[in-house]
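Enquirer: Starting from these lines, generate the structure:
(2 chains)
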2 protein chains.
Amino acid sequence: MSEFRLIDRYFTAATTPRADVVVGIGDDAAILQPPAGQQMVVATDTLVAGVHFPLDTTAEAIGYKALAVNLSDLAAMGATPAWALLALTLPEQAPQWLTGFMAGFSSLAEQFNVALVGGDTTRGPLTITVQIIGHVPAGAALTRGGARSGDRIFVTGKLGDAALALHALSDGGCGREDLKADFRERLDFPTPRIAAGTLLRSKASSAIDVSDGLIADLGHILTASGVGARVVRDRIPRSERFLACLSAGGVDAQTGWQIALAGGDDYELCFTIPEKDGDEMLGRDWSVCNGITEIGVITAEKGLQLVDLAGQPVPFVNTGGYDHFS
Amino acid sequence: MSEFRLIDRYFTAATTPRADVVVGIGDDAAILQPPAGQQMVVATDTLVAGVHFPLDTTAEAIGYKALAVNLSDLAAMGATPAWALLALTLPEQAPQWLTGFMAGFSSLAEQFNVALVGGDTTRGPLTITVQIIGHVPAGAALTRGGARSGDRIFVTGKLGDAALALHALSDGGCGREDLKADFRERLDFPTPRIAAGTLLRSKASSAIDVSDGLIADLGHILTASGVGARVVRDRIPRSERFLACLSAGGVDAQTGWQIALAGGDDYELCFTIPEKDGDEMLGRDWSVCNGITEIGVITAEKGLQLVDLAGQPVPFVNTGGYDHFS
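Expert: Numbers count the residues shown, from 1 in each chain, chains lettered A, B, ... in the order given. The predicted structure is shown next:
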């Protein structure tokens, strides 16, 4: 089958209609009508087989995740996603794989009203690059650079499930075999926190998505903002299933903290709120992101201090997050 | 060196400043201010080592070409380029290679006032995906679908040099060893026809860039427009150096036509102009694209007829262009 037929068959069928797509898939480029009064927000992320997902990952999960990690970048900016481009490098013609891949991609695209407007299909080692374009009211976007001393630090949802899935895969268990499939689901199908990001527009002083681990990603906020932070380790939210593995002895306490603090792939948001606005933010309905949790405070003194509930320093290994070239 | 330091060192330094970049490299996504009254034009193209460029291609040429093929897509739409994202998958940390790659990329970015606003660096087999975003006055973009019976068909520049470079590489010669470096230059450093595309806005009834070969790419116009074409083979413009190889006997006459008709990688534009506007277009200054040449006419009857100067049919092998999965 020709490249052109491939594109026609799998991609054109997979797109969500949007009135602002003037020309979509099938020309040299797509033509898009940007909404008035909005700024464009653009990001790109690549997934490499065996690096960004285990080799046994299903085609559907790969298609889902390729879009999800990009949506997560827009969530961290408070942006509304609109259009995506897909650059797919495949080792061989594989209709069944492509069908699964596009099913995963499209299910998420439909959920967030994202139109697939173009792409490129090439032959080579399996690599997937998605470019996402969204928009945000002018001036309302969230960045990494606005955290100030005294700001309160929050995270959405729970941390550590995705990294515990990888731990369970590599070590052969997490103490609760019956929960492994649930953890794998969290690794393969993360929920982009678009809804939470939208609620944070013009409210959060900074935001980032937790892709490389809380310590590493909060570290990016601290660097960009020129501040430090004190984080209460024991406030890091972990899921019921995560705690069940700890109770079962499948993971020791120290490893359990390390996974929640430095494990990546959760795609929750970490954000800061000016001190005076914190209570109001906590009082909102955060059911869209499985709740939010206050975990610490921004300090004028640089560096990250990790403490227990009594305020005593606790150890952690700063792995620096996932680093492809370290 | 960490991924983050890599990005800082090579990419941030490589970008062209633009006032419409609100947030560039270094956050979860870039924030861009689209120009009022314009539509956005977006495309993506991937280069895979050994597939889209010979393995001996210099880092500088790869960096240049990765951006050039994307700019060529915008040229075919009549768009003005503005912003690019770079997704780079590298097998290893290679500072020298990256320096050369970014030198090639940046030289072209600067020439076309393109800001590099984001990207992703991952470890894996060498693959380069660029996403380009440009803009065009609302309604002025060129597409593949507007050619009508009687429209005159043109191409910019000369065709076949890039394919002759590949032919010379694989067969060990083109009859003129002294010209091989010139051909390789045309293959490695194609000129995106942005200036020509801009001149064609609201004028051409259809346009496409010749990346897969004239027959294949004109074929896309014919399919999208629901028309046919009669092309005079002997009017296909070929360079002086191309004709010198033919004279020297390095390439036989039939192969010479085949290369010019079906060879790709020239990144010239093929476009159609309504019959009544053709003379005016021919009279313009086309020095920005090394001239334009009229090569045929759009017909109501579907299919592509290739004829000689006397109007007699001549043979050609329809390879369908470069097709990754055939």
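Enquirer: Sketch out the low-pLDDT regions of the stretch 201-326 of chain A for me.
Expert: Scanning the stretch 201-326 of chain A for pLDDT under 70 picks out A:318-326.
Enquirer: Show me the strands in it, by range?
Expert: Taking DSSP state E, counting those that start in this stretch as the criterion, the stretch 201-326 of chain A contains strands spanning A:206-210, A:228-232, A:268-273, A:292-299, A:303-307.
Enquirer: Out of the ones you listed, which is closest to chain B?
Expert: strand A:206-210 (6.1 Å; Cβ to the nearest Cβ). For the C-beta atoms, the positions are set from N, CA and C on the backbone; glycine is no exception.
Enquirer: which helices and strands sit right next to that closest one?
Expert: The helices and strands touching strand A:206-210, judged by 3 or more Cβ pairs under 8 Å, 6 or more residues apart in numbering or on different chains; DSSP states H and E, are helix A:59-77, helix A:214-225, strand A:268-273.
Enquirer: Save these as TSV, and put in mean neighbour count too.
Expert: Shown next, in TSV, are the helices and strands packed on strand A:206-210 (neighbours: other Cβ atoms under 10 Å in any protein chain shown):
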stretch	mean neighbour count
helix A:59-77	27
helix A:214-225	22
strand A:268-273	28
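Enquirer: Out of the ones you listed, which is closest to chain B?
Expert: Shortest distance between chain B and the helices and strands packed on strand A:206-210, using Cβ to the nearest Cβ, is found for helix A:59-77: 4.0 Å.
Enquirer: touching chain B at all, the closest one?
Expert: Yes: for helix A:59-77, a contact with chain B is found by Cβ under 8 Å from any Cβ of the partner chain, at A:Ser72, A:Asp73, A:Leu74, A:Ala76, A:Met77.
Enquirer: Please identify which of the residues you listed is nearest to A:Gly219.
Expert: Nearest to A:Gly219, judged by Cβ to Cβ, of the residues of helix A:59-77 next to chain B is A:Ala76 at 14.6 Å.
Enquirer: Quick one: residues contacting A:Leu166.
Expert: Contact analysis of A:Leu166 by Cβ atoms under 8 Å, 6 or more residues apart in numbering or on different chains lists A:Pro54, A:Leu187, A:Gly263, A:Asp265.
Enquirer: Mind doing that once more with 10 Å?
Expert: Each residue near A:Leu166 by Cβ atoms under 10 Å, 6 or more residues apart in numbering or on different chains is listed here: A:Pro54, A:Phe183, A:Arg184, A:Leu187, A:Ile259, A:Gly263, A:Gly264, A:Asp265.
Enquirer: Buried only: go through the residues you listed for me.
Expert: Buried members of the contacts of A:Leu166, counted by 16 or more other Cβ atoms under 10 Å in any protein chain shown: A:Pro54, A:Phe183, A:Arg184, A:Leu187, A:Ile259, A:Gly263, A:Gly264, A:Asp265.
Enquirer: Which members of those are the farthest-apart pair?
Expert: For the buried ones among the contacts of A:Leu166, the maximum inter-member distance is 16.6 Å, found between A:Pro54 and A:Ile259 (Cβ to Cβ).
Enquirer: could you show me where the helices are in the stretch 101-250 of chain A, in order?
Expert: For the stretch 101-250 of chain A, the helices defined by DSSP state H, counting those that start in this stretch cover A:161-171, A:180-188, A:194-200, A:214-225, A:240-247.
Enquirer: possible to save those as TSV with distance to A:Gly100?
Expert: What follows is the helices of the stretch 101-250 of chain A, written out as TSV (distance: least, Cβ to Cβ, whole Å):
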stretch	distance to A:Gly100
helix A:161-171	20
helix A:180-188	12
helix A:194-200	24
helix A:214-225	30
helix A:240-247	26
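Enquirer: so which of the ones you listed comes closest to B:Ala168?
Expert: Proximity to B:Ala168 (Cβ to Cβ) singles out helix A:180-188 among the helices of the stretch 101-250 of chain A, at 48.1 Å.
Enquirer: and the closest one, how far from the chain's centre?
Expert: How far helix A:180-188 lies from its chain's middle: 15 Å, per Cα atoms, centre = their mean, to the nearest Å.
Enquirer: hmm, who's touching that helix?
Expert: Outside helix A:180-188, the residues within contact range by Cβ under 10 Å, 6+ apart are A:53-54, A:56-58, A:60-62, A:64-65, A:68, A:104, A:157-158, A:160-169, A:173-174, A:176, A:239, A:241-242, A:244-245, A:265-267.
Enquirer: helix, strand or coil for A:Pro34?
Expert: coil (DSSP: H, G, I helix; E, B strand; the rest coil).
Enquirer: pretty sure it is touching A:Ala82, no?
Expert: Yes: with contact defined as Cβ atoms under 10 Å, A:Pro34 counts as touching A:Ala82 (8.7 Å).
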